[in-house]
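**Student:** Sequence first, predicted model second:
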Protein chains: 2
Amino acid sequence: MDSTTARNQAAPSRTREQALALAREQALDAAERLFYGRGIQAVGMDDIRGDSGVSLKRLYQLFPAKEHLVDAYLERRDIRWRARLAEHVDRWREPERRILAVFDWLGLWFAEPGFRGCAWINAYGELGTGSERVAARTRAHKTAFRTYLAGLVSAAGRPAALGDQLFLLAEGAMVTAGIDGSAEPAAQARSAARLLLEAGK
Amino acid sequence: MDSTTARNQAAPSRTREQALALAREQALDAAERLFYGRGIQAVGMDDIRGDSGVSLKRLYQLFPAKEHLVDAYLERRDIRWRARLAEHVDRWREPERRILAVFDWLGLWFAEPGFRGCAWINAYGELGTGSERVAARTRAHKTAFRTYLAGLVSAAGRPAALGDQLFLLAEGAMVTAGIDGSAEPAAQARSAARLLLEAGK
């Protein structure tokens, strides 16, 4: 215990909490890099240890099983993914422009280095039948994205069915961009979205 | 050697070929049931042996590594999947009706017992970065489906861009039906396809 913590009785536990929080972020950063990049089943806790520098003992303290780490990685990514999408869409005020902005953002995301498709679609493909936790996390993420699109469609005064159609276009673009390693599907989906918007007028 | 084969010098090798062909089909049937139903990495060669009744020795004679069995399963399924789709579409002659029939067929497929999404999207999610063979097989299947759609669109005298848009709708419907366990996305994609067909008139 150094002199700083000695001056404050609450400090030791706060320091321990901070260390755990830091280790958690480091573990999740490594989990995101490795699980997203290589697939979940190809990566073991030992790979996470090696990449994060967090000891196995602490890893298992934080995540009693690998499934918990997968779940926490998908949960953290969901929050960031949706925040980034909303931030991009919020650059526009005109309701129909906001809908098209979703597809612009998909194009930016697909063009990022290391893009390898939708983390949840990939995780579901790997573990959807074996892990109820991963299946539930995937469904929650997709429901949140669909609800977000529904809100944009409703704000534009369009029928709810349009929201479902735009959702399918976005999902098709994600999966195709992931398989082909191309950003082109975002532009194709955007063209279709624009036609559907015009068709409903 | 029994009296039948003794009468025909070519028979022993023909019998061996037939036995191998039968074992191959039995192994592929088991591979399709188990890989599609549970995921590829969750299933080992020993599970295939148990389900198919084909010995491990013969399995490895036919498929030197599990990756070869995965590849052969996806190849055989591709041929059957596309034949069934074409058979359904061929019930109609009117070019635009043939396009909508693709989405009708997706709805029938999604409603089948044991439907668990697109085998290639799932396989790619599992192994796309680890197996160049699976990645290539997935791309070949998706290219074949996209080319088929392009042919229907061209026969209807519509622009090639429509084919790409319909492809994304179909892919989005497949992945969403797989995650949600619902046939509804096929009807939603069909509605969008019909609007896109009308928009282009």
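**Tutor:** Noted; the coordinates are in hand.
**Student:** how many neighbours does the closest residue to chain B within chain A have?
**Tutor:** Per Cβ to the nearest Cβ, A:Gly125 is where chain A lies closest to chain B, at 2.5 Å. C-betas here are computed from N, CA, C, even on glycine. For A:Gly125, the count of nearby residues is 33 (other Cβ atoms under 10 Å in any protein chain shown).
**Student:** Which secondary structure state does it sit in?
**Tutor:** Following DSSP: H, G, I helix; E, B strand; the rest coil, A:Gly125 is assigned to helix.
**Student:** Sketch out the low-pLDDT regions of chain A for me.
**Tutor:** A:1-12 (pLDDT under 70).
**Student:** list the contacts for the spatially closest residue to the residue of chain A closest to chain B that is not a sequence neighbour?
**Tutor:** Nearest residue to A:Gly125 in three dimensions, chain neighbours excluded: B:Gly125, at 2.5 Å (Cβ to Cβ, 6 or more residues apart in numbering or on different chains). For B:Gly125, the contact set (Cβ atoms under 8 Å, 6 or more residues apart in numbering or on different chains) comprises A:Gly39, A:Gly117, A:Ile121, A:Asn122, A:Ala123, A:Tyr124, A:Gly125, A:Glu126.
**Student:** any idea how far the residue of chain A closest to chain B is from A:Val89?
**Tutor:** The gap separating A:Gly125 from A:Val89 is 28 Å, by Cβ to Cβ, to the nearest Å.
**Student:** can you pull out the helices in chain A?
**Tutor:** Taking DSSP state H, the helices of chain A run over residues A:3-6, A:11-38, A:45-52, A:56-62, A:66-89, A:95-110, A:119-127, A:132-155, A:160-180, A:184-199.
**Student:** if you compare those helices, which one is most tucked away?
**Tutor:** Counting by mean count of other Cβ atoms under 10 Å in any protein chain shown, helix A:119-127 has the highest mean neighbour count of the helices of chain A, with a mean of 27.
**Student:** relative orientation of that helix and helix B:119-127 in degrees?
**Tutor:** Per axes from the mean of the first three to the mean of the last three Cα atoms, to 10 degrees, the angle that helix A:119-127 makes with helix B:119-127 is 90 degrees.
**Student:** now the angle from helix A:119-127 to helix A:66-89?
**Tutor:** Using the same axes, to 10 degrees: helix A:119-127 against helix A:66-89 is 160 degrees.
**Student:** distance between helix A:119-127 and the chain's centre?
**Tutor:** In terms of Cα atoms, centre = their mean, to the nearest Å, the centre of helix A:119-127 is set 12 Å apart from its chain centre.
**Student:** what angle sits between that helix and helix A:11-38?
**Tutor:** 80 degrees.
**Student:** Could I have the CA atoms of helix A:119-127 written out in PDB?
**Tutor:** This file holds the C-alpha atoms of helix A:119-127, laid out as PDB (Å, rounded to 0.1, in the frame of the first residue of the first chain):
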ATOM      1  CA  ALA A 119     -21.000  -9.700 -35.200                       C
ATOM      2  CA  TRP A 120     -24.400 -10.900 -34.200                       C
ATOM      3  CA  ILE A 121     -25.300 -12.700 -37.400                       C
ATOM      4  CA  ASN A 122     -21.800 -14.400 -37.200                       C
ATOM      5  CA  ALA A 123     -22.200 -15.300 -33.600                       C
ATOM      6  CA  TYR A 124     -25.700 -16.700 -34.200                       C
ATOM      7  CA  GLY A 125     -24.400 -18.800 -37.100                       C
ATOM      8  CA  GLU A 126     -21.700 -20.200 -34.800                       C
ATOM      9  CA  LEU A 127     -23.600 -20.600 -31.500                       C
END
